[in-house]
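Participant: Got a predicted structure here, sequence first:
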Amino acid sequence: MGKPEDWQSGPGFSVIRNIVSCLLISICVHLCSSVVSASAQALPPRPGQPDPKAQAAESPLKPFEWLIDGTWYTEGEYPGLGKSRGMRTYRYTLGGRFIEMQQEVLIQPPGGGAQRMAVTAILGRNPGTRRLQQWGFARDGSISTAEWDVVAPPAMRFEGRVVNSSPWRLRGILSRDAADEFVETLEVYNDGGWRPHSESRFARKGVPPPPDGIGAAGPTEDLKLLAPLVGTWGQTLDVTLTFRWALNYSFLRSEYVVRRAGDLIPKVRVISMTGFDAQQKRVAQYGFNEDGSVFSASVTAAGDALVFEGDMVGDGRRKLRVTYRCSDADTLVTTTETLVEGAWQKLGETTMKRRKPALN
């Protein structure tokens, strides 16, 4: 096996990028990856507390329940590129309101060398459209969206596109063959019509998910403004906000964790992914909340502050603005505002201290 090359310096990058876009949309239709510790997953829900699987059983996510747990493997030939091996994982997150997926694929071209693809995606009901939607974030910085339906259980159909780079469109059907196998058939839109792309068979095995893979030296120039946020910030032992680079520094991932009355352990309440939208030339954030609401925002620098301004869609829609300011290297001040009759009104302000790494 050849040594994996840097994502944007390997051979055939233009072809690879299109394939990544295709892969990004397709695998986002099935999703996962745990955002709580293994010990947290092992604990049963306390009486009166929501059970993620129970919540999903009552939600539009129920048709995807069989994908949860274990690792799905596929091997084959990737069109136009060479032999490929891939792994996916799926788990409920945010109280069962969403499913998160992690996938890595290694492609080995006939001429040698190797290319690694990685994707994180979130699946849930879009409160604005009332339809199932996925948001995908790829290692090359691509962002995609797709909507999908259950055709005839257990077959599921989707159609989506890349939203921040090339206008790549894809549709497909995932069909369950057995308890631990499924087939994914994909088509791409090209020259005014849908054309066959690929068919892959996946089998589940109970092994840990793959790591994020090889990494770049750091974020691109477009995302460096986010660097001061990296780390774990806390108000108390029961409230933390963590920012970390993900997917080869193509995104900044954040998790807001809170321990509420009756919780044995703190729980993830909010997950967000922030990356660069090359089409609109802006830094964009997509957030997902435990109550099922979603948030999309543009990010700008204002002096020594970072401003996240956009729309929160849940039972209704409202404009929100969240400002992060590091008053010093170890202090993060967060101000949240909402737009009321054309004027911004403060909802609250919190001060968090940087958590120091634990000593072994």
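Facilitator: Yes, it's here.
Participant: which intervals of the stretch 151-300 of the chain have sub-threshold pLDDT?
Facilitator: The stretch 151-300 of the chain contains residues with pLDDT under 70 at 152-154, 206-217.
Participant: which residues in it form strands?
Facilitator: 155-162, 169-178, 181-190, 193-205, 231-236, 239-246, 251-258, 267-277, 282-289, 294-302 (DSSP state E, counting those that start in this stretch).
Participant: and if you look at the stretch 1-150 of the chain?
Facilitator: In the stretch 1-150 of the chain, the strands defined using DSSP E, counting those that start in this stretch lie at 71-78, 82-93, 98-108, 115-126, 131-138, 143-152.
Participant: list the buried ones in the last one?
Facilitator: Read that as strand 143-152. Ile143, Ser144, Thr145, Ala146, Trp148 (16 or more other C-beta atoms under 10 Å). C-beta coordinates here come from the backbone N, C-alpha and C atoms, glycine included.
Participant: Specify the beta-bridge partners of the second one.
Facilitator: According to DSSP bridges, the residues that bridge with Ser144 are Gly136, Val162.
Participant: how near is it to Arg325?
Facilitator: 32 Å (C-beta to C-beta, to the nearest Å).
Participant: Kindly report the same for the fourth one.
Facilitator: When C-beta to C-beta is the yardstick, Ala146 and Arg325 sit 36 Å from each other.
Participant: When you compare pLDDT across the buried residues of strand 143-152, which one is lowest?
Facilitator: Confidence by pLDDT is poorest for Trp148 among the buried residues of strand 143-152, given 79.
Participant: thinking it is in contact with Ala155, fair?
Facilitator: No: under the criterion of C-beta atoms under 8 Å, Trp148 is not in contact with Ala155, lying 10.9 Å apart.
Participant: Now do the nearest residue to Leu94 once chain neighbours are set aside against Val257, distance only.
Facilitator: Spatially, and ignoring its direct neighbours in sequence, Leu94 is nearest to Glu290 (4.6 Å; C-beta to C-beta, 6 or more residues apart in numbering). Distance from Glu290 to Val257, counting by C-beta to C-beta: 11 Å.
Participant: any residues in contact with both of the two?
Facilitator: Counting by C-beta atoms under 8 Å, 6 or more residues apart in numbering, the common neighbours of Glu290 and Val257 are Lys267, Val268, Arg269.
Participant: and the second one, how many residues sit next to it?
Facilitator: Right, the one you point to is Val268. When counting by other C-beta atoms under 10 Å, one arrives at 21 neighbours for Val268.
Participant: I'd say it and Val257 touch.
Facilitator: Yes: Val268 lies in contact with Val257 (C-beta under 8 Å); the separation is 5.4 Å.
Participant: so what's in contact with the two at the same time?
Facilitator: Counting by C-beta under 8 Å, 6+ apart, no residue touches both Val268 and Val257.
Participant: On the strand side of things, show who Val119 bridges to.
Facilitator: Going by DSSP bridges, Val119 is paired in beta bridges with Gln103, Ala138.
Participant: how close does it sit to Leu229?
Facilitator: In terms of C-beta to C-beta, Val119 sits 23 Å off from Leu229.
Participant: Also Arg139?
Facilitator: 20 Å.
Participant: out of these two, which sits in the more crowded spot?
Facilitator: Higher neighbour count among Arg139 and Leu229: Arg139, with 27 against 18, using other C-beta under 10 Å.
Participant: how far away is that one from Ser250?
Facilitator: For Arg139, the distance to Ser250 - C-beta to C-beta - is 6 Å.
Participant: Check Leu241 too.
Facilitator: If you go by C-beta to C-beta, the gap between Leu241 and Ser250 works out to 21 Å.
Participant: Who are the contact partners of the nearest residue to Val151 once chain neighbours are set aside?
Facilitator: The shortest distance from Val151 to any non-neighbouring residue, by C-beta to C-beta, 6+ apart, is to Arg157 (4.8 Å). Going by C-beta under 8 Å, 6+ apart, Arg157 touches Trp148, Asp149, Val150, Val151, Arg171, Gly172, Ile173.
Participant: Nearest to Arg355 among those residues?
Facilitator: Trp148 (38.8 Å; C-beta to C-beta).
Participant: residues contacting that closest one?
Facilitator: Val29, Leu132, Gln134, Met156, Arg157, Phe158, Glu159.
Participant: Could you do Gln235 as well?
Facilitator: Each residue near Gln235 by C-beta under 8 Å, 6+ apart is listed here: Thr350, Thr351, Met352, Lys353.
Participant: Then Thr74?
Facilitator: Thr74 makes contact with Ser84, Arg85, Gly86, Ser200, Arg201, Phe202, Ala203 under the criterion C-beta under 8 Å, 6+ apart.
Participant: Drop anything exposed from those.
Facilitator: Ser84, Gly86, Ser200, Phe202.
Participant: Tell me the spacing between Thr274 and Gln134.
Facilitator: Using C-beta to C-beta, Thr274 is found at 18 Å from Gln134.
Participant: what residue is smack in the middle of this protein?
Facilitator: Nearest residue to the geometric centre of the chain (C-alpha atoms, centre = their mean): Ala121, 3.4 Å.
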